[in-house]
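>>> below is the structure, and that's it, no one-letter string:
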């Protein structure tokens, strides 16, 4: 069984001929394992070798495929629940056999099969955390005690990914578009925190009872800028660490796209 690019690379010509339209044989190996290329796309492999290798290649699922599979599991679980019971437990609105969940100031409606509709764009980084919230949230109210990502239950091993892909990426956006960034936050009903050690602080609600506190310090003389994202200490009673990470990455991408739209005159 060929489970990684290096194992496949050993079977290739390794001449980096680029006739597969990739820069190297290793790049081709990676593309095959990720499902972006077929082994038959290599012109230097014989038909016999292609047949020999094809049955043994274990293609790695993309992040999107893994999310789709997890989403399907959550939708099956939702289909076995009574939406009225969920709405009563979490104090959520019901409308035409759907339950409403507010995300960043906008309502998303979940039907009996776990499908989602909204006036906003629907994607996995919203859909999956909302379904998990409906299934697992205890409806605990925030208490105003703020913790960082490593303090969230089961966060072990994910801290550096959150720091790099969420906090650092968001900081880069704020550094380059400070005023615009906070204007965008206002579009999503961000609450300004006036008594804060940070230069700018906003609270966002990507899920009910799951606030994200974004703190930003501007650069000053020898001190570089800084951004962190904090969470209410009750966060683990209302969602899981995977949803927190997914929301964080999703918000960074959404803010980035909105900044691009603003530069082309499509925002405001």
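Perfect, thanks for sending it. Just so you know, these numbers come straight off a predicted model, no measurement behind them. Numbering: from 1, shown residues only.
>>> only C-alpha atoms for contact and neighbour calcs from this point on.
OK.
>>> could I get the full set of strands for this protein?
Secondary structure of the chain (DSSP state E): strands located at 94-95, 98-103, 106-110, 116-118, 146-147, 191-192, 200-207, 210-217, 226-232.
>>> in its sheet, what does the last one sit against?
In this case it means strand 226-232. Based on DSSP bridges, the strands next to strand 226-232 in the sheet, each with its direction, are strand 146-147 (antiparallel), strand 210-217 (antiparallel).
>>> please convert those strands to a markdown table, extending it with distance to residue 12 and mean neighbour count.
Compiled in a markdown table, the strands paired with strand 226-232 are given as follows (distance: least, CA to CA, whole Å; neighbours: other CA atoms under 10 Å):
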| stretch | distance to residue 12 | mean neighbour count |
| --- | --- | --- |
| strand 146-147 | 50 | 17 |
| strand 210-217 | 49 | 22 |
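>>> which one of those strands lies closest to residue 165?
Checking the strands paired with strand 226-232 against residue 165 by CA to CA gives strand 210-217 as the closest, at 14.8 Å.
>>> any idea of the mean pLDDT in stretch 142-150?
On average, the pLDDT along stretch 142-150 is 97.
>>> how far off centre is that stretch?
Its chain's C-alpha centre and that of stretch 142-150 lie 20 Å apart, by CA atoms, centre = their mean, to the nearest Å.
>>> before we move on, back to that, of all the strands paired with strand 226-232, which lies closest to residue 119?
Between residue 119 and those, the shortest separation by CA to CA is 21.6 Å, and it involves strand 210-217.
>>> what angle do that closest one and strand 200-207 make?
Taking axes from the mean of the first three to the mean of the last three CA atoms, to 10 degrees, one finds strand 210-217 and strand 200-207 inclined to each other by 160 degrees.
>>> mind listing the residues bridging to the residue nearest to residue 192 when sequence neighbours are not counted?
With CA to CA, 6 or more residues apart in numbering as the measure, residue 202 is the residue that lies nearest to residue 192, at 4.6 Å, once sequence neighbours are left out. Taking DSSP bridges as the rule, residue 202 bridges to residue 192, residue 214.
>>> residues touching residue 202, list them.
The contact partners of residue 202, by CA atoms under 8 Å, 6 or more residues apart in numbering, come to 185, 190-193, 213-215.
>>> can you put those in TSV and add distance to residue 170?
What follows is the contacts of residue 202, written out as TSV (distance: CA to CA, whole Å):
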residue	distance to residue 170
185	12
190	16
191	18
192	18
193	18
213	13
214	10
215	11
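>>> just give me the closest of these to residue 104.
Proximity to residue 104 was ranked across the contacts of residue 202 by CA to CA; first place goes to residue 190, at 7.9 Å.
>>> touching, the closest one and residue 206? I think so.
No: counting by CA atoms under 8 Å, no contact exists between residue 190 and residue 206, whose distance comes to 10.2 Å.
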